[in-house]
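Sequence below, structure please.
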Amino acid sequence: MTIEILGVDIAKNVFQLHGVNGKGSVVLKRRVMRDQLLEVLAQINRCTVVVEACTGAFYWARKFEALGHQVKIISPQYVKPFVRRQKNDSNDAEAICTAARQPHIPFVPKKTLEQQDIQALHRARQRMVNHRTAVVSQIRGLLLDRGFAMAKSITRARRLVPDILANSDNELTPMARDAIGELYDLFRDLDRRIASFDKKIEQVFRNSETCQRIATIKGVGPKTATAIIAAIGDGAEFKNGRHLAAWVGLVPRQFSSGDRKVLMGISKRGNQHLRSLLVHGARAVVRTAPDKTDLNNQWVNQLRERRGFNRATIAVANKNARIIWAVLRTGEPYRAAS
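Take a look at the predicted model:
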């Protein structure tokens, strides 16, 4: 029994294996429990093991590679079209195998433990930021319901809410004052936790020469640089900078047919957090460009005049993504045109 491609449907406790030979004929279909998986894979001849990108995929990829297998990780969006009949683990494993045999199917870059650690920092911080935004919105809503209008600004909330709570002459009832006070305490606690994550990300940035090289690009700071490393490592999975920009979702979405070619807004595919960081950095570049006279900012200003602020922002984000790929692959810092 010679297996060329082995599709593994990953789950929490039960794993489904589907193996095919070089001709595509099925040679293995087996259901395996979690504690038996590595033992079974060790008995199979060296082959290409394909798993779907999901929770635990990178962990199992490292384990399978330690057994001598070549491991590829495929995005679920490329697996779903090949699921036949009903949706179950056996059909999913077969679909993973079928998708992996198709030409031109892109695979997900594998992550090291260090990359996953950095990604965990970013995800945990983003969770805190989202929670803080929800808390501030609730405080603003409760105050508005009692006649206190407040602008949509976290800085404004930090300044005004303590004054409102401390003023005993306003119309807040004791119960409402206590409730809003508890929410404000939660808001301050989230502020403290976010600041702690910022320090950890800054420490990762300072300890990484690669991150510091990436940060030589205008519009890229410690958070973006570390997020890039966590997402793509050295960028070897991408043929060029254009592929990276497309993977992040910073290229136009195409809706064409026949001779009619239509380009719409950006595709918004790939890593949403990374795309958001690149766009925020690019927005800062476009906003401050009128005050500068170097060649790069002249290009930004001309682009802004022709296409408007938002399109210029996306163009700068796209350009930064391509420059980041070049910096990663060459190992040299970015040198802007003077």
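
Would you map the strands across the stretch 51-200 of the chain?
70-74, 107-108 (DSSP state E, counting those that start in this stretch).

Kindly report the same for the stretch 201-338 of the chain.
Going by DSSP E, counting those that start in this stretch, the stretch 201-338 of the chain shows strands at 252-254, 263-266.

Let's have these in TSV, adding distance to residue 86 and mean pLDDT.
Just so you know, the C-beta spots here come from the backbone N, C-alpha and C atoms, and that holds for glycine as well. TSV is the format used below for the strands of the stretch 201-338 of the chain (distance: least, Cβ to Cβ, whole Å; pLDDT from 0 to 100):
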stretch	distance to residue 86	mean pLDDT
strand 252-254	32	82
strand 263-266	35	78
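
Can you give me the domain assignment for this protein?
Domain ranges of the chain: 5-108, 113-206, 209-330, per automatic domain parsing.

Surely residue 262 and residue 256 touch.
Yes - between residue 262 and residue 256 there is a contact at 5.5 Å, judged by Cβ atoms under 8 Å.

ok, so what distance separates the residue nearest in space to the middle of the chain from residue 133?
By Cα atoms, centre = their mean, the chain has its centre lying nearest to residue 271, at 3.2 Å. For residue 271, the distance to residue 133 equals 20 Å [Cβ to Cβ, to the nearest Å].

Same question for residue 228.
24 Å.

what do you get for residue 200?
21 Å.

Please apply the same query to residue 36.
Residue 36 is 45 Å from residue 133, by Cβ to Cβ.

And residue 85, by the same measure?
Counting by Cβ to Cβ - residue 85 and residue 133 are separated by 43 Å.

cool, and residue 64?
40 Å.

try residue 326
35 Å.

Direction included, what does the worst-scoring helix or strand of the chain on mean pLDDT pair against?
Ranked by mean pLDDT, DSSP states H and E, the weakest helix or strand in the chain is strand 263-266, scoring a mean of 78. Paired neighbours of strand 263-266 in the sheet (DSSP bridges): strand 252-254 (antiparallel).

show me where the stretch 151-300 of the chain has helices.
Here the stretch 151-300 of the chain has its helices, by DSSP state H, counting those that start in this stretch, at 154-166, 174-206, 209-214, 222-232, 241-248, 272-288, 295-307.

Would you mind finding the most buried of the ones you listed?
helix 222-232 (a mean of 24; mean count of other Cβ atoms under 10 Å).

packing partners for that helix?
helix 113-144, helix 174-206, helix 209-214, helix 272-288, helix 309-330 (3 or more Cβ pairs under 8 Å, 6 or more residues apart in numbering; DSSP states H and E).

where does the stretch 201-338 of the chain have low pLDDT?
337-338 (pLDDT under 70).

Repeat the analysis, applying 90 as the threshold.
Along the stretch 201-338 of the chain, segments meeting pLDDT under 90 span 234-239, 251-271, 291-297, 331-338.

From what I see, residue 56 and residue 9 are in contact.
No - using Cβ under 8 Å, residue 56 is not in contact with residue 9, being 11.7 Å away.

These two - which one has more neighbours?
residue 9 (24 against 11; other Cβ atoms under 10 Å).

So for that one, what's the pLDDT?
At residue 9, the model reports a pLDDT of 94.

doesn't residue 50 make contact with it?
No - contact criterion Cβ under 8 Å: residue 9 and residue 50 do not qualify, at 10.2 Å.

Name the residues contacting each of those two.
The contact sets of residue 9 and residue 50 overlap at residue 96 (Cβ atoms under 8 Å, 6 or more residues apart in numbering).

Would you mind saying which of the strands of the stretch 201-338 of the chain lies nearest residue 4?
strand 252-254 (34.4 Å; Cβ to Cβ).

And the contacts of the closest one?
By Cβ under 8 Å, 6+ apart, strand 252-254 touches 261-268.

Which PyMOL command selects the buried ones in these?
To isolate the buried ones among these in PyMOL, judged by 16 or more other Cβ atoms under 10 Å, type:
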select buried, resi 266+267
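
Mind listing what's buried along stretch 321-337?
Quick answer for stretch 321-337 (16+ other Cβ under 10 Å): 321-325, 327-328, 334.

re earlier: now distance to residue 118 too, for the strands of the stretch 201-338 of the chain, in JSON lines please.
Shown next, in JSON lines, are the strands of the stretch 201-338 of the chain (distance: least, Cβ to Cβ, whole Å):
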{"stretch": "strand 252-254", "distance to residue 118": "29"}
{"stretch": "strand 263-266", "distance to residue 118": "25"}
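
hang on, isn't residue 268 packed against residue 249?
Yes - contact criterion Cβ under 8 Å: residue 268 and residue 249 qualify, at 4.5 Å.
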